[in-house]
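> Sequence unavailable; structure follows:
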Ligand SMILES: Nc1ncnc2c1ncn2[C@@H]1O[C@H](COP(=O)(O)OP(=O)(O)OP(=O)(O)O)[C@@H](O)[C@H]1O
Ligand SMILES: [Mg+2]
C-alpha cells in the first residue's frame, strides 16, 4: 500500500502538481482514518491533502484512476500485493477471448445476442440504471474492444472499437422516441430539451464507464506507471494556446474566468498601495499607546491613484487566432481596471474594434463578430505587420499619450514585408509603456520570416506568452 | 480530545438532519478535518453553500459559530485583538502623577484592557467552537501571515501578554472565492475542498429541503432546468441560492409544474444578466 501510494505521488509530481513533503505526510495520515474499502472517501482524502488548486483536479483524477482503479469491491478484485490482481485480470481477458462473440459457456450476459444486448442497454439508459450501465460497459469492452495482453495500442483505439459497435450516436434519438411513446403524444419544446439533456447525460456517463473499464484493463496489462505516463497531459495553465485541442480549449476557457477575476482583484489592490494619503486618526491613536498616549507614530490612509489607459493591438491572422482570442477576452474582462481600453486588430489591414465589445456583454460574441466583420484585409489577407502599423500610426498615433500602455500581440511573422519598425519606436516615445507578447516559443523567434527582434528593441519588453501561466505572469507585471 | 464524528456517513446524516445536503467530498473532508485537527479551505463558485457548510457543522455539533468576515484592509486589530485605547488613555490620565510609567504600562496592557476579536475569541473559548474565516481571499497576502500561527499551532502571541494557547482545537473553515492565489504556506496547512454546483439529484434534494410547500415535481423540474442552463456559456451561471430563490418565487405564484410561459416570465430571478436570460430562453425554446 505504501509503495502504491508513493508511486502515486511521484506520478502526481510528474504530471506537474506541486506536492510538498508536508502534504505527502498529510495524505498518509489522512488515509489511515479512512476505511480502505470506501473508495470515494479514500479518493477525497487524497484529493483534500494533495490537490490545492482546483484546475489540477482532472489531472489528479486521471492518476487516481490509474493507480487505484483495481481497488474496490464492485470490481471483485482483492486487495492483494498487486500482482495477483493483474493475473486475475489477464485470465479474465483470455477467457473472454476464448469465448468469442457471446457463444461461451458461463455468465448471463455473455450469451446474449448483440440485439439483446442493445435492448438491455437502451433500457438501462432509459431508466438511468447505474449498476446495469456499469455491467454493460464491462460486457461491451469484453466483446467489442478486442483487447489482447501486451498489444501496444492506445486506449482511444479500444474506445473507438467499442463505441463503434454500440451506435450511441443514434441512441439519444431512439430514447426520445421511446419517451414520446411512453407519454403517448408530443412533448412540449421545453420537455423535449430537458429530456434530451438527461439522456445525453446518461449516455455520457455510460461512455465514461466504458473508458474506465478499458483503462482498468490496460493498467492490469501494462502496470500503473506505464499507463500513467501515456495518459499524462499538461495542466490547464501549461497548455499551449497555439496547439490546444478542442477539449483543451474548452478547459482553457473555464480556467480563464477565475484567472481574470484574480487579476482584476490584484490590479485593483496594487493600485491602491504605495503612496501615502491623509492621516488615519484611529490607527494613529491606537499606536500612540505604546508611547504613553503621545501620537509619536502617525499612520496614513492610502489614496487611489489614477487608472491607466490600455491600447491593445492584436494580430488575428490564422497562425495566432486562438492566442489573440484569449488575450482579447482577458483584456476585456479586465477593462474595469483601466480608465479606457481600446482594441485594434490586424492582418494586413487594421481596424478598431473597441465598439464591438461595448455593444454586447458577451465577449465570445464580440470576438465572433470581430472575426467576421472587422476590416482587417488590405491586399491578400496574409500578415503584413509593417502596413498595419503604418496605418495605425497615421490614423490613431496622435491619441497615444503618457498615460497609455500599449500591448502588441503577435508572432511578428511578416511574410518578408517591410517592418516599419519606426512606428514602434515613435510609439514608445509617446506612451507610458509598450509591450510585445509573442505566442511562439522563444527558440523560433527571429527565424524564417519572424522579425520580433526588430520590433522588440523599441519596446519595454517582449514576452513569451504560450500558455495561461505566462499570460498571467505578464498581466501581473502590468499594473 | 475525542473525535467529533465516528464516520463519514455520520457527518452526512448529521448535516442532513440540519438541512444541509452534503456529497461524498464535503462529508469526507469535514470528517478528516476533525480527525487531523486541520482547517478546511473551501473554495468554489458563489452561492454553492460554502458559508452554510460551516454554519451547519456548527449547528450539527452544537458548537458556537464564530465568524471573521474578511475584507481588504482587515488587520490584527480587527481579526485578533485590540487594546481598548480609550480606556487606556483614561487610566493614564487618572494616574498621571502617582505611578511610575512602568507600573502604568504593565497595568494598561492587562486583560481588562484587551478587546477580543474573533480569532482570539475562538481559541480562548471554553465551549466547543466552529471558526469561520469567510472570504479569506479578500485580505492582503501580508495579513494571511497572521492566520498562519493560529491555523497551525492554535495559539496567538501577544507581545504584551505572551502566548495564548487554545483550550481545544476548534473546527476551522476558511472560504475563498478565489479572487487571488492564496499563499502556499496557507494552503499547505489546510485541507482543500472545492464545492462545485451540485449534481442534479442533490440540487433537487436541496430545493425540496429548503423550500417550503414545494412539490416533488416542481423541484425536479427546477433541478433539471438549472442543470441545462449551467451547461450554457453564460456570463454568470445560476448558483444554488439563485435556484432556491427561483423555486420560492414559483411556489409563491402557486405553480406545481412549470411551463414555458412561466419559466420565461420568472427567469430573471435565476439569471442576472439580460444577455444570459435571452440566451437561456432561446436555448430552452421558451422565448
Ligand atoms: N448543500 C446545501 N444544502 C442546503 N442548502 C444549501 C446547500 N448549498 C447551498 N445551500 C443554500 O444556498 C444558499 C447559499 O449558500 P452560501 O451563502 O453558503 O453560499 P457561498 O458558497 O458561501 O456563497 P458566496 O461565495 O457568495 O459567499 C444558502 O441559502 C444555503 O442555505
Ligand atoms: Mg459565503
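It's in. From a predicted model like this one, the values you see are computed outputs, not experimental measurements. Ligands and ions are numbered 1, 2, ... in the order given.

> Tell me the spacing between the spatially closest residue to residue B:30 that is not a sequence neighbour and residue B:171.
Among residues not flanking residue B:30 along the chain, residue B:11 sits closest, at 5.2 Å (CB to CB, 6 or more residues apart in numbering or on different chains). C-beta coordinates here come from the backbone N, C-alpha and C atoms, glycine included. Relative to residue B:171, residue B:11 is positioned 11 Å away (CB to CB, to the nearest Å).

> near ligand 1, which residues of the stretch 101-250 of chain B show up?
B:175, B:177, B:206, B:210, B:240-241, B:244 (CB under 6 Å from any ligand atom).

> which one of those sits closest to residue A:399?
Set against residue A:399, the nearest of those by CB to CB is residue B:177 (36.8 Å).

> looking at it, that closest one is touching residue B:137, isn't it?
Yes. Using CB atoms under 8 Å, residue B:177 is in contact with residue B:137, at 5.9 Å.

> how's the chain carved up into domains?
All of this refers to chain A. Structural domains assigned to chain A are A:2-68, A:73-233, A:251-273+A:306-478, following automatic domain parsing.

> Wait, chain B was what I had in mind.
B:8-72+B:121-194, B:81-116, B:200-283.

> pLDDT of the shortest one, averaged?
I take that to be domain B:81-116. Averaging pLDDT along domain B:81-116 yields 72.

> from the middle of its chain, how far away would stretch B:205-216 be?
23 Å (CA atoms, centre = their mean, to the nearest Å).

> start to end distance for that stretch?
9 Å (CA to CA, to the nearest Å).

> For it, buried residues please.
B:205-208, B:210-211, B:214 (16 or more other CB atoms under 10 Å in any protein chain shown).

> Kindly report the same for stretch B:130-141.
Neighbour-count burial for stretch B:130-141 [16+ other CB under 10 Å]: B:130-139.

> How about stretch A:311-320?
So for stretch A:311-320, counting by 16+ other CB under 10 Å, buried means A:311-317, A:319-320.

> Quick check: end-to-end length of it?
Stretch A:311-320: ends 19 Å apart by CA to CA.

> Can you give the contact residues for it?
Identification of contacts with stretch A:311-320 by CB atoms under 8 Å, 6 or more residues apart in numbering or on different chains yields A:242, A:324, A:327-328, A:331, A:341-347, A:350, A:370-371, A:374, A:376, A:381-383, A:385, A:392, A:400, A:404-411, A:413, A:431, A:439.

> Keep only those of the residues you listed that are in helices.
A:324, A:327-328, A:331, A:370-371, A:385, A:392 (DSSP state H).

> wait, doesn't residue B:87 sit right on residue B:114?
No. Look at residue B:87 against residue B:114 with CB under 8 Å: they stay out of range, at 10.1 Å.

> Those two: which is more packed in?
residue B:114 (16 against 13; other CB atoms under 10 Å in any protein chain shown).

> in the chain, which helix or strand is least confident?
No chain was given, so I picked chain A. When each helix and strand of chain A is scored by mean pLDDT, DSSP states H and E, helix A:83-99 comes last, with a mean of 47.

> Chain B, not that one
For chain B, counting by mean pLDDT, DSSP H and E, that's helix B:101-108 with a mean of 69.

> Look up the closest residue to residue A:445, ignoring the ones flanking it.
residue A:452 (5.0 Å).

> Next one: that neighbour from residue A:131, what distance?
58 Å.

> ok, now residue A:46?
25 Å.

> neighbour count winner among the two?
residue A:46 (25 against 9).

> what pLDDT does the more buried one get?
95.

> Wait, a helix at it?
Yes. Under DSSP: H, G, I helix; E, B strand; the rest coil, residue A:46 sits within a helix.

> my guess is it meets residue A:27, correct?
Yes. Between residue A:46 and residue A:27 there is a contact at 5.6 Å, judged by CB under 8 Å.

> how about stretch B:69-86: buried residues?
B:70, B:74, B:77-85.

> outside of stretch A:16-27, which residues touch it?
A:5, A:9, A:12-13, A:45-46, A:49-52, A:56, A:59-60, A:234-235, A:238, B:36, B:38, B:184, B:188, B:191.

> Recalculate using a threshold of 10 Å.
Contacting residues not belonging to stretch A:16-27 are listed as A:5-6, A:8-13, A:30, A:45-53, A:56-57, A:59-60, A:63, A:232-235, A:237-238, B:32, B:36, B:38, B:184, B:187-192 [CB atoms under 10 Å, 6 or more residues apart in numbering or on different chains].

> So which of those are in helices?
A:5-6, A:8-13, A:30, A:45-50, A:57, A:59-60, A:63, B:32, B:36, B:184, B:187-189.

> ok so, going back, tabulate the buried residues of stretch B:130-141 in a markdown table, adding columns for pLDDT and secondary structure.
Listed next are the buried residues of stretch B:130-141 as a markdown table, based on pLDDT from 0 to 100; DSSP: H, G, I helix; E, B strand; the rest coil:
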| residue | pLDDT | secondary structure |
| --- | --- | --- |
| B:130 | 95 | strand |
| B:131 | 95 | strand |
| B:132 | 96 | strand |
| B:133 | 95 | strand |
| B:134 | 93 | strand |
| B:135 | 92 | coil |
| B:136 | 92 | helix |
| B:137 | 89 | helix |
| B:138 | 88 | helix |
| B:139 | 87 | coil |
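
> For chain B, which segments count as strands?
Under the criterion DSSP state E, chain B carries strands at the ranges B:40-43, B:64-69, B:81-83, B:114-116, B:129-134, B:155-158, B:162-165, B:171-176, B:191-194.

> Switch those strands over to CSV; also include distance to chain A.
Converted to CSV, the strands of chain B look like this (distance: least, CB to the nearest CB, whole Å):
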stretch, distance to chain A
strand B:40-43, 6
strand B:64-69, 17
strand B:81-83, 6
strand B:114-116, 11
strand B:129-134, 16
strand B:155-158, 13
strand B:162-165, 17
strand B:171-176, 11
strand B:191-194, 4
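
> With distance to residue B:255 added, can I get those strands in TSV?
Compiled in TSV, these are given as follows (distance: least, CB to CB, whole Å):
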stretch	distance to residue B:255
strand B:40-43	34
strand B:64-69	35
strand B:81-83	52
strand B:114-116	49
strand B:129-134	34
strand B:155-158	53
strand B:162-165	55
strand B:171-176	33
strand B:191-194	34
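
> Of all the ones you listed, which one comes closest to residue B:26?
Once these are compared by CB to CB, strand B:191-194 is nearest, at 6.7 Å.

> what helices or strands is the closest one leaning on?
Under the contact definition 3 or more CB pairs under 10 Å, 6 or more residues apart in numbering or on different chains; DSSP states H and E, strand B:191-194 sits against helix A:21-32, helix A:39-50, helix B:24-36, strand B:40-43, helix B:50-61, strand B:171-176.

> In space, not sequence, find me the middle residue of the chain.
If you meant another chain, say so; for now it's chain A. residue A:251 (2.7 Å; CA atoms, centre = their mean).

> hm, I was asking about chain B
For chain B, by CA atoms, centre = their mean, the most central residue is residue B:51; offset 2.6 Å.
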